[in-house]
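*Asks:* sequence? don't have it. structure:
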Ligand SMILES: Cc1cc2nc3c(=O)[nH]c(=O)nc-3n(C[C@H](O)[C@H](O)[C@H](O)COP(=O)(O)O)c2cc1C
């Protein structure tokens, strides 16, 4: 199985840590979003897309990058994020999942964990979620992608 992970991580590198750990587990290539446009996604069986959550959505640059992709009918994707307050039922993933489905992707799974957040008021006391993603978050991220890959058709 050939897999690719594409991420945006602009606040503290939180999502990059998760993306790289997932890539290590899957033996996947791991690229920042600016490299996605030039990438031929056809050879990949599974593609993961993730970023920090910004105002209840994935980062704008990741959402916009999906528009530049060719149709991906039937291709498997998974979605991940780090957030100050990861929402129940992956609510913050909705916008990205909608865009991916419009391109023809089938969503094979999703993952989210806490990430250090120093935005505005949170920065005044050293940040929310200090130390996250931590070892346990990384372990869960790797277990999550292992499960996703195992359940592919
Ligand atoms: C401008 C800004 C807006 C944010 N909006 C949200 C939000 O709506 N919900 C949330 O849970 N976290 C929010 N966060 C926290 C980030 O999602 C969190 O710190 C994330 O781990 C950052 O990932 P990164 O370091 O990979 O960019 C926000 C952070 C910033 C700087």
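*Replies:* In hand now; what should we look at? Since this is a predicted model, take the numbers as computed values, not measurements.

*Asks:* my read is residue 41 is in a strand, agree?
*Replies:* No: the assignment for residue 41 by DSSP: H, G, I helix; E, B strand; the rest coil gives coil, which leaves it out of any strand.

*Asks:* I'd guessed it sits against residue 68; true?
*Replies:* No: shown here, residue 41 and residue 68 do not form a contact pair, counting by CB atoms under 8 Å, at 10.7 Å. (Each C-beta comes from the backbone N, C-alpha and C, glycine too.)

*Asks:* neighbour count for the two, which is higher?
*Replies:* residue 41 (16 against 10; other CB atoms under 10 Å).

*Asks:* how near is that one to the ligand?
*Replies:* Computed as CB to the nearest ligand atom, to the nearest Å, the residue 41 to the ligand distance reads 22 Å.

*Asks:* list the residues that contact that residue.
*Replies:* By CB atoms under 8 Å, 6 or more residues apart in numbering, residue 41 lies in contact with 4, 47, 69-70, 72, 75.

*Asks:* change it to 10 Å
*Replies:* Listed by CB atoms under 10 Å, 6 or more residues apart in numbering, the contact partners of residue 41 are 4, 6, 47, 69-70, 72, 75, 77, 103, 105.
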